[in-house]
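S.K.: what follows is a predicted structure for the sequence shown.
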Amino acid sequence: MGEHGRAHAHIRHAHIREEEAVDVEWSGNWVAGRLGVELVGDGEIRELLGLALRRNPKRAHLLVSNVLGKHVPQRPSVVHGVGFELGERVRDLLGEAEARRAVVLGYAETATGLGHAVADGLGVAPYLHSTRRPVDGVAQAGGFEEAHSHATSHLLLPEDPDLLVAGAEGSPLVLVDDEFSTGNTVLNTIRALHARYPRDRYVVVALVDMRSEADQGRLAEFAEEIVARVDLVARARGTVRLPEGVLEKGLSLVAEHDAAHTAHAAEGAPAPRALPARVALDWPAGVPDGGRHGFTPVHRAALEAALPAMAGRVADALGDARRVLVLGFEELMYVPLRLATALEDATTAEVRYSTTTRSPVLAVDDPGYAIRSRLAFPAHDEPADGPGDRYAYNVAGAGFDAVVAVVDSAADTPALHAPDGLLARLAAHTGQVLLAVVPSYVPPPAPDVPSPAPDLQEAAMLPEPLRGPAFSSYAADDVGWLLQDLSDTPLEAPTEEREEAIQSGGAHYAESLPVEYQPSPQYQELFRAALDSSAARIARAVGTVTETVLAERGPRPVLVSLARAGTPVGVLMRRWAQHRHGVDLPHYAVSIVRGRGIDANALRWLAAHHDPADVVFVDGWTGKGAITRELAAALEEFGGFDPEIAVLADPGGCVRTYGTREDFLIPSACLNSTVSGLISRTVLRSDLVGPHDFHGAKFYRELAGSDVSGLFLDTVAARFDEVADAVDADAKELLGTDRAPTWEGWAAVERISEEYGIHDVNLVKPGVGETTRVLLRRVPWKILAKRGAGADLDHVRLLAEQRGVPVEEVGELPYTCVGLIHPKYTRGATGADGTAVTAK
């Protein structure tokens with residue numbers, strides 16, 4: 001066996017220290033003084049390591065690395081640089097030929113980032129790390145135990161079943177861990193893998209070689225036993241000398257200080273200083289989120305190319321923050337690390353990097369102790385071993401202006417956003433919290449492994465939701481759009497051409513888009529007046545429907561708005577839940593198309609990321625209930641989803657969850673994209689939307705100057721406190737009332753269809769919202785207005801006048817108004833000026 005000790009330090013000692021300007025005391029003094037523990041070794045050892053205590057019956061002390069990026073926030077360039085330099089040394093040891101054939105294996109959870117950095121230093125090596133997260137449908141290529149870890153079972157789940165096979169020429173296996181202590185973990189690993197994938201060379205890499213004298217010869221003996229060469233590459237050497245009874249003394253000390261910490265925590269956590277906000281990374285397609293299933297040189301090149309743009313988006317969202325922490329998530333260490341290194345290049349801010357962990361460690365606010373503070377929060381990735389606490393160390397009290405929390409999409413769950421979740425814990429200790437979500441990569445199942453449900457397989461191939469500002473003018477955390485971006489595709493057609501094609505059966509309305517209505521100054525002023533006068537009424541309806549949903553579907557429903565009329569309502573419901581209850585509800589927008597159903601791929605994505613039973617569909621208002629029926633029919637083939645729709649206004653009596661049953665002006669119905677985040681109506685066309693695509697939509701960036709989406713939301717939300725008492729009374733009354741649908745509106749539509757000789761209910765559009773759509777998008781024939789309707793119809797009368805459409809006042813009408821689409825449409829149904837005909 002060739003054994004290699006530490007090399008010359010290419011990173012100077014001052015570059016390893018977290019705070020260069022201050023000669024702080026060693027962060028192991030507290031433990032050393034109370035337990036008699038000694039850390040001896042190379043001169044660099046105390047700069048690499050501190051000491052802490054943990055509640056672990058196997059080993060009470062913990063070596064806390066200052067350069068690993070796990071427990072101690074450190075400059076990301078230092079963290080990556082240390083691993084990269086070790087990888088360069090392995091390449092020199094192996095030689096170019098063997099280095100090109102090498103495979104690197106890192107240990108979960110602590111060394112997943114270190115192992116990946118070592119693979120970077122090797123240059124062309126594929127990388128795999130062990131994992132404690134089972135993945136349905138992925139064949140297990142091996143597993144092993146870690147003797148002293150808090151959680152022991154490791155799984156190996158490579159996408160390529162031959163990744164660990166040595167091959168005819170032999171491929172060295174490079175095993176990377178943060179410390180090499182007893183050697184048991186490495187022996188367990190090599191023994192298990194050698195039985196299945198024998199090879200003649202292994203290289204063990206560690207930041208520190210901490211073997212005792214008694215363990216020094218075990219690796220050489222083991223190498224002889226398996227008839228293979230085993231090399232060791234470490235940055236530094238040392239050992240820990242433990243006195244008699246140290247385990248019992250350590251556990252007693254932990255119990256004493258934990259009791260004090262628990263008593264202090266009972267006094268209450270600090271209130272959040274800021275609400276978390278999402279930042280969209282625009283993750284490169286096809287690149288895994290890490291090495292759980294393998295990470296190849298091709299993946300590495302694609303990630304490197306995308307990093308500057310992703311870091312630029314984060315830097316833009318951070319604004320003028322001067323001290324920033326990029327916080328990774330348990331096994332997800334490498335991607336947050338590389339994002340942090342790119343952020344160092346993209347900003348002048350002071351950037352630090354660390355990650356959350358499942359390992360419980362005692363926190364003591366003393367400069368001679370390695371863990372100064374601890375944030376505890378529930379696990380948020382639905383771990384296979386059940387719920388439990390997770391931790392972020394040395395974050396509280398560290399003076400960060402902003403924290404960028406980076407998680408994979410499997411961990412972007414309600415628990416992450418809960419009042420006691422990670423984001424809320426962080427928000428109590430910093431002025432800005434950003435959430436960046438990386439898509440969780442799930443490879444297709446191996447041939448000999450039972451496949452997961454087909455819908456879950458298909459969901460794994462779908463992209464993450466689109467978010468603002470890259471798609472829509474809404475903030476990233478307001479809504480995730482389960483749509484594909486068709487902004488660069490010409491889809492608009494003149495209104496009369498679309499109507500002729502639709503009524504003749506030559507095209508479906510979802511196959512094209514109407515030309516976006518450009519409101520006149522007079523109409524824009526009317527919108528603002530309507531918004532001012534109705535904001536309190538809308539806020540009350542928003543509060544009422546949200547409280548009803550929380551009471552009946554809570555505590556953390558997943559809002560799914562029907563794009564696009566439902567989306568402003570979904571955003572407002574989300575804001576109400578935040579404002580009144582401090583609850584951060586997930587919100588997505590999906591497409592539903594009359595006659596074609598809801599986007600099945602969007603449902604598959606939702607089912608893969610949330611419990612379908614938690615999904616609450618949201619729309620703006622009901623007309624005759626066509627979409628309500630469409631949704632119920634579409635969901636029959638998808639188990640677990642509740643077809644009930646929650647709406648702001650239900651004048652048609654079509655649903656049981658609503659804010660009001662009055663038919664009044666909802667100002668978001670007055671406009672198209674400019675009040676809906678600048679997003680078009682959704683598009684479904686076979687040449688644009690494939691079997692594994694979301695439905696499409698366009699982002700009208702060019703209309704930013706006319707955008708009032710934010711104005712609408714902010715004006716309504718400003719009235720939340722004013723209507724709170726009324727909302728409480730309304731919600732209480734509704735919850736005790738029979739709210740079964742009456743379908744009164746549907747009966748009225750059938751009567752009008754026959755009375756006016758239309759004989760097609762699809763051409764009768766009841767209610768203020770639907771009538772407005774007729775005037776903005778279709779070729780209207782006439783408007784029926786309820787006698788005595790007041791200001792709620794001002795905008796309808798103005799639009800009707802502009803388009804030459806007659807308004808007929810009627811007495812018996814369950815709606816404020818009804819819009820009728822021309823029933824016998826041809827090009828001759830409009831005059832040269834494009835206005836509607838006035839008689840059949």
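M.R.: On my side now, so go ahead.
S.K.: what is the three-state secondary structure of Ala234?
M.R.: What DSSP: H, G, I helix; E, B strand; the rest coil gives for Ala234 is strand.
S.K.: determine the number of other residues adjacent to Pro270.
M.R.: By other Cβ atoms under 10 Å, the residues close to Pro270 number 10. Placement of C-beta: from N, CA and C, glycine included.
S.K.: which SS state does it fall under?
M.R.: coil.
S.K.: then Arg797 would be within a helix, right?
M.R.: Yes. Assigned with three-state DSSP, Arg797 falls within a helix.
S.K.: which residues sit in contact with it?
M.R.: Applying Cβ atoms under 8 Å, 6 or more residues apart in numbering to Arg797 gives the contacts Ala785, Val807.
S.K.: can you check Tyr700 too?
M.R.: With the criterion set at Cβ under 8 Å, 6+ apart, Tyr700 makes contact with Ser487, Glu516, Ser673, Thr674, Leu678, Ile679, Ser680.
S.K.: can you do 7 Å?
M.R.: Tyr700 makes contacts with Glu516, Ser673, Leu678, Ser680, as judged by Cβ atoms under 7 Å, 6 or more residues apart in numbering.
S.K.: tell me the least confident of those?
M.R.: In terms of pLDDT, the least confident member of the contacts of Tyr700 is Glu516, at 77.
S.K.: what's the burial count for that residue?
M.R.: Residues lying near Glu516 (other Cβ under 10 Å) number 21.
S.K.: one step back: keep only those of the contacts of Tyr700 that are in helices.
M.R.: Using DSSP state H, no member of the contacts of Tyr700 sits in helices.
S.K.: for those residues, work out which two are farthest apart.
M.R.: Glu516 and Leu678 (9.5 Å; Cβ to Cβ).
S.K.: any common contacting residues for these two?
M.R.: In terms of Cβ under 7 Å, 6+ apart, Glu516 and Leu678 are both contacted by the residues Tyr700, Leu703.
S.K.: burial count for the closest residue in space to Ala376 that isn't next to it in sequence?
M.R.: Closest residue in space to Ala376, ignoring its immediate chain neighbours: Asp389 at 5.0 Å, by Cβ to Cβ, 6 or more residues apart in numbering. Using other Cβ under 10 Å, Asp389 has 11 neighbouring residues.
S.K.: partner strands of the strand or helix carrying Ala376 and their direction?
M.R.: In this structure, Ala376 sits in strand 374-378 according to DSSP states H and E. Take DSSP bridges as the rule and strand 374-378 pairs in its sheet with strand 389-393 (antiparallel).
S.K.: mind listing what's buried along the strand holding Ala376?
M.R.: Arg374, Leu375, Ala376, Phe377 (16 or more other Cβ atoms under 10 Å).
S.K.: most widely separated two among those residues?
M.R.: Arg374 and Phe377 (10.4 Å).
S.K.: returning to that earlier point: tabulate the buried residues of strand 374-378 (CSV), appending pLDDT and distance to His299.
M.R.: Shown next, in CSV, are the buried residues of strand 374-378 (pLDDT from 0 to 100; distance: Cβ to Cβ, whole Å):
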residue, pLDDT, distance to His299
Arg374, 95, 34
Leu375, 96, 32
Ala376, 95, 34
Phe377, 96, 31
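S.K.: which one of these is nearest Ala402?
M.R.: For the buried residues of strand 374-378, the nearest to Ala402 is Leu375 (15.7 Å; Cβ to Cβ).
S.K.: and that closest one, what does it touch?
M.R.: Here Leu375 is in contact with Tyr391, Ala392, Val395, Ala396, Arg425 (Cβ under 7 Å, 6+ apart).
S.K.: so which of those comes closest to Ala405?
M.R.: Nearest to Ala405 among the contacts of Leu375, counting by Cβ to Cβ, is Ala392 at 9.1 Å.
S.K.: distance of that closest one relative to Gly421?
M.R.: From Ala392 across to Gly421, the span is 12 Å (Cβ to Cβ, to the nearest Å).
S.K.: doesn't Leu94 belong to a helix?
M.R.: Yes. Assignment of Leu94 by three-state DSSP places it within a helix.
S.K.: how close does it sit to Asp160?
M.R.: As judged by Cβ to Cβ, Leu94 and Asp160 stand 21 Å apart.
S.K.: comparing those two, which residue is more hemmed in?
M.R.: A count of neighbours by other Cβ under 10 Å puts Leu94 above the other of Leu94 and Asp160, at 20 against 15.
S.K.: who's in contact with the more buried one?
M.R.: Ala102, Pro172.
S.K.: also Val174?
M.R.: By Cβ under 7 Å, 6+ apart, Val174 lies in contact with Val90, Ala102, Val103, Val104, Leu105, Val118, Val203, Val205.
S.K.: give me the neighbour count for the closest residue to Thr682 other than its chain neighbours.
M.R.: Using Cβ to Cβ, 6+ apart and skipping residues adjacent in sequence, the residue nearest Thr682 is Ser591, 3.7 Å away. The tally of other residues near Ser591 (other Cβ under 10 Å) stands at 27.
S.K.: and Ser591, what is it in contact with?
M.R.: With contact taken as Cβ under 7 Å, 6+ apart, Ser591 is in contact with Leu483, Ala563, Asp599, Ala602, Thr682, Leu684, His695.
S.K.: quick check: end-to-end length of stretch 404-424?
M.R.: Terminal residues of stretch 404-424 are spaced 13 Å apart (Cα to Cα, to the nearest Å).
S.K.: from the chain's centroid, how far away is it?
M.R.: Computed by Cα atoms, centre = their mean, to the nearest Å, the chain-centroid distance of stretch 404-424 equals 8 Å.
S.K.: and if you look at stretch 40-59?
M.R.: 35 Å.
S.K.: give me the below-cutoff pLDDT ranges for the stretch 301-450 of the chain.
M.R.: 444-450 (pLDDT under 70).
S.K.: all strands of it, in order?
M.R.: 323-328, 350-355, 374-378, 389-393, 402-408, 432-438 (DSSP state E, counting those that start in this stretch).
S.K.: now those strands in CSV, please, with extra columns for distance to Arg75.
M.R.: Below are these laid out as CSV (distance: least, Cβ to Cβ, whole Å):
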stretch, distance to Arg75
strand 323-328, 11
strand 350-355, 6
strand 374-378, 21
strand 389-393, 17
strand 402-408, 15
strand 432-438, 19
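S.K.: wait, which of those is closest to Glu552?
M.R.: strand 374-378 (24.2 Å).
S.K.: alpha carbons of the closest one, as CSV, please.
M.R.: The C-alpha trace of strand 374-378 is given here as CSV (Å, rounded to 0.1, in the frame of the first residue of the first chain):
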residue,chain,number,x,y,z
ARG,A,374,-28.1,26.5,16.3
LEU,A,375,-31.4,26.8,14.4
ALA,A,376,-33.6,23.8,14.6
PHE,A,377,-36.5,23.1,12.3
PRO,A,378,-38.5,20.1,11.1
